[in-house]
Each structure stands twice: as C-alpha cells, then as structure tokens.
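Peer 1: build me a model from this:
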Amino acid sequence: MKKLLILSMFLGVTALSSRAAAASPLTSSLPAGALATFETSHMGAAIDRASGLLTKLLPLLGAGNQPGDASDMLSLIKPALKGSLGNEGVLGVFAVSGNGGTFAPGVLAVSRLNADARALLKSSMPTGKGKATVGRYSFVRSDDLFVGMTQDLAYASTDKALLMSYLGRLSGKSAPTLARATSYSAPMNAVGQQELRAYLNFSGIAKVVRSQFATFGFPRLLAPLVDAVDTLGQLGAGISTNAAGLSGVSALVANGNGADKSLYSILTHSTDSFNVQKIVPADAEAVSVSACDPLKGEYAARWLSRIDLLDPTGFLSDTQLAHNLEVQSRYVGDECAQVTLKGGLKASMGSSNTLASLNYSVTYQKLTDEEAARAHMQGFAASVNKSLQAALKATKSQLTRLAGSDPQMKAQLQALTGSLNLDLFAKINYVYAIRDGYLLTALSQKALDSAMNATSSIADAPDFQAQNFAASGGGFQFARPTATPFSKADIQKLIQAQLAQSNLGALYDKQTQQMIQPIAGVLADLINRYGGSSGQTSVSGNLIVTKANINYKW
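Peer 2: Next comes the predicted model:
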C-alpha cells in the first residue's frame, strides 16, 4: 500500500506550466517494451466539468453536510487536482528480470513539476546515504522504491535497473524508446491526444508468459490461449471530456504473425454493406452492428470443445453446443446486431428481477441459406431449452447434496440459491424467428415478438439518420437515453430489491428509507443526465479503430 501511495504521489505532482506543455512527451524517454501504460494529459477542463457532479456527491459521502460545504472543499482540492492530473503523467508496466531467469512486473512512474509542486514533493523526499547518479540525474532508495527528482521532473520505480535505463535515455543515451517503438506508436498515434490514455501490448504479454512457462514446462492446454492473446497485438484507448459529454477512441493493431489465424480473420473482418438497421425496430433503445466473420461460430465451438469436460452442469455436452455452432457457421453471413428494445435500460436497472432485461434483448444474424437455418434451428432451440432446465435441476440437486442434513448449511445454500436467482433462470426460453433474410434469436418470447411485430425501422428514425453512419466497414453503435427518466422512487425500489436479494431486506425500515431518499434523488439525477451515445468502427488492414461519443449534461 505504501508503495502505491508513493507512486500515486509522483503521478500527482504534475502541474500546469508553459514549460511542461512545450516539453517532449514523457514517453519519449521511457524504455521501449512497456507491457502497459496509463497516461494523463491536460485534464484541467475535465476536472472543472466533474466538479459540479462532485459537489452533489460529496455531502452524501459524508464530506460536508451541505452543498456549500462540498463546494468549499472542492475549491481547496481543485488546484491540487489540476496540478496533479491537469498536465501530464505516465505510469508504465514493464517485464524486468527476476530470479532464475524468470520475469517480474516492474513499474516506472514519471511526472512533471512546477515550482510549487517541486516544493511540495521535496519535503517528502527521502534523505540520507545511498544516492546513485546516472548522467545528470540522481535517485535514492526508499523502502522498495527508487525515487528521485529534478527541477521539473519526478520519477519512481520498483526496479533499480528500469529506473537507470530511463535516466540513461533522459541523459541523452542512444537507446530504443517507447514513443518510437512501432508496437506503441501504431495504436497510440491512431488514438491521438486524449485526457486519459491507456496502452496494452498483448503480444508482449504473451511473450513474457511463454518465457515464464518455459522454465517449468509449457502446459499444452494453455498454448491456444496464449496464441490468442499474442494475436490480439496491441491496443490503445483514450477518452476526453467536452462541453457535450465525452469522446473516446480505441485502436487495435492485430498481430498478423500470430498463430491464431482464425482470430485474426475475425478481428479484421469488414463488410461492404450493412442492412440490418432496416428491420431493427424504430424505437429501439440501442443497437450495436458489427461485421462478424462467419468463422466466429466455428471458432467459439473449438473453445467450447476444450472446456466441455470442465462443465459441471453437463449443459455443453447435452446441447452439443460446439457442434451446433459449427453447423450454424454454414448458413450465417457476415452481419450481426445486438439490439436493446425500448425500455431495456430501465428494466435492467430498475427491476428486482435481474433477468428482466432479457425481455428487451434480441440478436440479429444475416443468413446466406434460410432453408438450412430453418432446418437446423428447430432442433437446436429445443435442445438448448431442454438442456438448460436439466442443468438447473442438476445444479439444485448438487447444492442439496452439498448441504446434507446440516440446517445451517441448508440455510446458507438457500440464501445462495436466492441470490443467484436460479428459479428465474428456469423461466429462460431460447426462441428464434426469421425475418427478411435475418435470423432473430432471444431468450424471451416477449422480446422476439416485439422485434418481429415492428412496423417501422430505426433506419428511418431522424436521430439515427443524423449520425450519418457509414454503411460499410467494421460496424457502428447507437444508443438513446431511456424514454422515461428515472425517478427517485425508481432508485429506491432498486436499492430495496438489492437488499432483499442479499437477505438484508429486513434492514429496509422507515428510517433507512428516509436516509436513502437523498441518495436516490442524486443517483437518479446523475443517470438522467445521460443523453445517448454513438460510435463507428473502421478496419484498415490490421488496424481496427472505433471512435465514439457519449452525450452527458455536466
């Protein structure tokens, strides 16, 4: 914990200054080969936008009794927040040499300083013997950390060699840096400048895992999993606030040299034309359309075959799910959609039934052979429903045997059964229909009927048309705010339902209800500020980029 606090402190001394803004990015001196980074940049505006929300939340968290108290507290905290997160900071995770030829995670944190931040940090810097120097830069050991600072930089690391490697580059040593590494620059250049950014090198992680396994023998069962991680390549993501809400970008650079060729094909698949929006109900709350490679079902089947024997309920074996997915791959096309019907958001958040959202969820898949789909789906759906009931019965039987004759154990298992809502799962019904060349599936007849009976499509809705989505590429996402805003009573009912499911319903007395009222009001207000979202995914070679916007009233 102390180690994390000191690392956070080093990240927290970043300050707004023209000198820092003109300096090279911190990643320009970090060693190449980072497995992950977490970065901040120019977050002052984000802190200002969030302060209004914090003013509402702080009194509920016990930080002041009135909104004015919270406002006064924030006026003291905001300069420190802007000084710490408002300019630039980076935390990188690296694989460093461990014992016996193994690797261990090493963390390197760097931030910039202005005069005030330097003065604040200087008083907490360790003093005494043991100072080491690399070029013009020095550091000392503090417990398990190696820390140091200059006029405008603070740095800390869990590994001495890692910190010395960084300081060497900072001193002008010619060596590979993170900013110039293609594995980093390819996704992060696509992400661009953002207030918050993150980077994950899946291929690098897979390489480390393989080297670790090599020391004691590589388990064959895990080889496909590591191959899949390697094929994911590198991922970059970023998010920024703006006056209308938030915007974000993610960029995945899939590894074409990875061993999992099927996964690579699925990741980089795109289509020339999307048409499913023409049959999605006009009042749908959300729709996520993707160019899904027909290999997806066959690929999932291979993974299910590997874990079939590990399924304690027998569901995978009884349904022959792997085989059925392989068959399905022969008649589905490359266009898929997941749709949330009108009322889905409120049902998922405002109902005591944790499966209520299933009444509003429908999956669409383009068909290449309707006759084959009809012939196969009848038996497949019946098998799924029969096997699901058998699996639930087997689970309950196993829990009963586990309890034996011990009354206390029986009570605990009954509570567990209630919290898992096993009785609700018994009401799930896997159903399907075919409409206009698409296979529609759902886990509720109500949801399927709503989708099938729709007389107008979202493609004709003005708010959907205003997004001007490309009708080709990797896909798009569109979501509306809930049609009926959440009320204080909705949130109170939800809290009461959650307490009841956790066997704490007896605690929801009149006094508790009065205490929850202000919290429920604030939560309802925060939820109702959401104004919908949209996003578009493009595919260019092995680069998959998604750009999204979330509307939110700060």
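
Peer 1: of all residues in this structure, which one is nearest the centre?
Peer 2: Compute the mean C-alpha point of the chain, and by Cα atoms, centre = their mean the closest residue is A237, 10.5 Å away.

Peer 1: partners of that residue in the sheet?
Peer 2: Note on A237: beta-bridge partners by DSSP bridges are A198, S250.

Peer 1: could you check how far it is from G248?
Peer 2: Going from A237 to G248 by Cβ to Cβ, to the nearest Å gives 7 Å. For glycine as for every other residue, the C-beta is placed from the backbone atoms N, C-alpha and C.

Peer 1: which element is N189 on?
Peer 2: According to DSSP states H and E, N189 maps onto helix 182-191.

Peer 1: give the buried residues for that helix.
Peer 2: 183-188, 190-191 (16 or more other Cβ atoms under 10 Å).

Peer 1: in TSV, list the residues you listed along with pLDDT.
Peer 2: As requested, the buried residues of helix 182-191 are exported to TSV (pLDDT from 0 to 100):
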residue	pLDDT
S183	97
Y184	98
S185	97
A186	98
P187	98
M188	98
A190	98
V191	98
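
Peer 1: got the contact list for G168?
Peer 2: Contact analysis of G168 by Cβ atoms under 8 Å, 6 or more residues apart in numbering lists 134-135, 175.

Peer 1: lowest-confidence helix or strand of the protein?
Peer 2: The weakest-scoring helix or strand in the chain, judged by mean pLDDT, DSSP states H and E, is helix 18-22 (a mean of 39).

Peer 1: next helix or strand past it?
Peer 2: Following helix 18-22 toward the C-terminus (DSSP H and E): strand 36-41.

Peer 1: can you give me the mean pLDDT across the next helix or strand after that following strand?
Peer 2: Tracing the chain C-terminally past strand 36-41 and defining elements by DSSP H and E, one meets helix 44-60 next. The pLDDT scores in helix 44-60 average 79.

Peer 1: again, but for stretch 386-393
Peer 2: 86.

Peer 1: could I get the buried residue list for that stretch?
Peer 2: Applying 16+ other Cβ under 10 Å to stretch 386-393 flags 387-388, 391-392 as buried.

Peer 1: same for the top helix by length along the chain, what does it pack against?
Peer 2: If you go by DSSP state H, the chain has its longest helix at helix 370-403. Here helix 370-403 touches helix 315-319, helix 321-328, helix 407-420, helix 422-425, strand 431-435, going by 3 or more Cβ pairs under 8 Å, 6 or more residues apart in numbering; DSSP states H and E.

Peer 1: contacts only, for K547.
Peer 2: By Cβ under 8 Å, 6+ apart, the neighbours of K547 are 247-249, 535-536.

Peer 1: save these as JSON lines, and put in secondary structure too.
Peer 2: Compiled in JSON lines, the contacts of K547 are given as follows (DSSP: H, G, I helix; E, B strand; the rest coil):
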{"residue": "S247", "secondary structure": "strand"}
{"residue": "G248", "secondary structure": "strand"}
{"residue": "V249", "secondary structure": "strand"}
{"residue": "G535", "secondary structure": "strand"}
{"residue": "Q536", "secondary structure": "strand"}
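
Peer 1: report pLDDT for W554.
Peer 2: 90.

Peer 1: next, count neighbours for the residue lying closest to it once chain neighbours are set aside.
Peer 2: Counting by Cβ to Cβ, 6 or more residues apart in numbering, W554 lies nearest to R49, which is 4.4 Å off, once chain neighbours are set aside. R49: 16 surrounding residues under other Cβ atoms under 10 Å.
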